[in-house]
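Next come a sequence and a model predicted from it.
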Amino acid sequence: MPSSSPNATACHLYVCFRANIMKLADGLFLKICTDMAKEYPEIKYNNMIIDNCSMQLVSNPNQFDVLLLPNLYGNILTNIMCGLVGGPGVTSGGNYGDNYAVFETGTRNTGKSVAGKNIANPLAMFNASADLLEYLGLDSYAVILRESIYKCINEAKIHTPDLGGQASTSDIVDYLKNEVRNRTRLVSH
């Protein structure tokens, strides 16, 4: 049922598509979104071709509140957003359903160029692990992991080559393993 709360802050929804080229599939997607938007007048509805959205995301990301797009375009924009905030080795992503959730790296970068070289940045998987801990209600453990990640990057400055450093995958894993172990060690009396 549409919400019409007078106190609700207007949300800007951008529907991204390629209906100018993919007339049937994206045309249907755009039509359904446009029709549904009429049922929610409190949402400021906009639509944008994916090419322009990609450019706008880099040049003016603050204009977006919510992006709604098919999977292929979501993958494109996710890769762009990961690049804006640190790269594919840093950011995590989540997929939420009614009963379950899956947490993974924020981008589907195959990493073939770094496979087996001990130089891949593992932080995205650790961030996904922290997301999972929060989802499971294990907030105190998520905080320990997030603080350890923050300390690794910003205080210890352990950076893999993708972040301009010389550290290895093993260096980061070992640092985080020791940091988490130290933060969770039981104190005996």
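Arrived safely, thanks for sending.

Quick one: classify the spatially most central residue of the chain as helix, strand or coil.
Geometric centre of the chain, nearest residue: residue 93, 4.0 Å, by C-alpha atoms, centre = their mean. Taken by DSSP: H, G, I helix; E, B strand; the rest coil, the conformation at residue 93 corresponds to strand.

phi, psi of residue 68?
phi -120, psi 120 (degrees, to the nearest 10).

Let the chain start at 16 from now.
With the count now opening at 16, the last piece we talked about shows up as residue 83.

Name all residues that make contact with it.
28-31, 48 (C-beta atoms under 8 Å, 6 or more residues apart in numbering). The C-beta positions use only the backbone N, C-alpha and C, and glycine is treated the same way.

Outline the domain layout of this structure.
When the chain is parsed with the TED database, its domains come out as 26-100, 103-203.

Surely the residue nearest to the centre of the chain touches residue 121?
Yes. The pair residue 108 / residue 121 is scored as a contact, 4.1 Å apart, by C-beta atoms under 8 Å.

Give me the common contacts of these two.
By C-beta under 8 Å, 6+ apart, residue 108 and residue 121 have these common neighbours: residue 93.

Can you tell me how far the residue nearest to the centre of the chain is from residue 178?
As judged by C-beta to C-beta, to the nearest Å, residue 108 and residue 178 stand 19 Å apart.
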